[in-house]
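Undergrad: need the 3D shape of this:
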Amino acid sequence: MRKKFDLSAYLVIGPENTEKPIEEVVSAAVRAGFTFVQIRAKNSSAREIISILEKSAAVIDELKKSSSVTLVVNDRLDIALAALERGIKVDGIHVGQSDIPVDVCRKYLGDDAIIGLSARTENLIDYVKNVDVTDIDYFGAGPLHKTPTKLDCGLTADGKFLTRSFDELSRLAEISPVPIVAGGGVKLADIAELAATKVNGFFVVSAVAGAENPFDAAAELVHAWKAAYT
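TA: So this is what the prediction gives:
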């Protein structure tokens, strides 16, 4: 059986998102109440990403949150497997629709792994309604806004840029067979309206990783979500 997980406050972070040590930002976010961490390091070597995972897993463990906070790696099945081989507590992987297929991830990571899939096609609602979710634990939907941390997010095949409306996210939350975490340029001012869509959580990058005080920024987001999500 796959482990239970909480998508309510989801941090995406890599070296390109902060000048601070990543494990310090992860620690701050988790102490503030974040429940899910994705390491996304597109420009780093495999060894560097494994090191980031190891340090992040260690600070989560030091906070005695290993059983309640999920740690995944973006895109790299090879890195997830190598980290697990080294005894690093990595809970799974997050992939995009053009990355390694989710059934392959499931085959190698096993039944207990958490596997997320970015749902960013133009016809997003039709996609979520019709995709086989046998090996998928959650969808990541967005972007809500255009975001500098992932410039290709929301781009269509013809170069147009699509953002997701709150109405669309509400419809997604109604029809999706698996939980949805939504984000893309999310700021504190968006949280109440995003919570009203009934998606299962929000994801952020810059709002925490780029903050002068990551703990305070993360705590504000968590407090706003808990206050609005009923």
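Undergrad: all strands for this protein, in order.
TA: 9-13, 36-39, 70-74, 92-95, 114-119, 138-141, 180-183, 201-204 (DSSP state E).
Undergrad: what separation do you get for the closest residue to Asp190 other than its chain neighbours and Lys226?
TA: Nearest residue to Asp190, sequence neighbours excluded (Cβ to Cβ, 6 or more residues apart in numbering): Leu144, at 6.4 Å. Where you see a C-beta, it was placed from the backbone N, CA and C, and this is true even at glycine. According to Cβ to Cβ, to the nearest Å, Leu144 stands 19 Å off from Lys226.
Undergrad: what sits against the residue nearest to Asp190?
TA: 163-164, 169, 182-186, 190, 194 (Cβ atoms under 8 Å, 6 or more residues apart in numbering).
Undergrad: hmm, try it at 10 Å
TA: Contact analysis of Leu144 by Cβ atoms under 10 Å, 6 or more residues apart in numbering lists 154, 163-166, 168-169, 182-187, 190, 193-194, 202-203.
Undergrad: please report how far it lies from Tyr229.
TA: Distance, Leu144 to Tyr229, by Cβ to Cβ: 16 Å.
Undergrad: what's the pLDDT at Asp152?
TA: Per-residue confidence (pLDDT) for Asp152: 46.
Undergrad: quick one: low-confidence ranges for this protein?
TA: By pLDDT under 70, the weakly predicted segments of the chain are 1-2, 121, 146-162.
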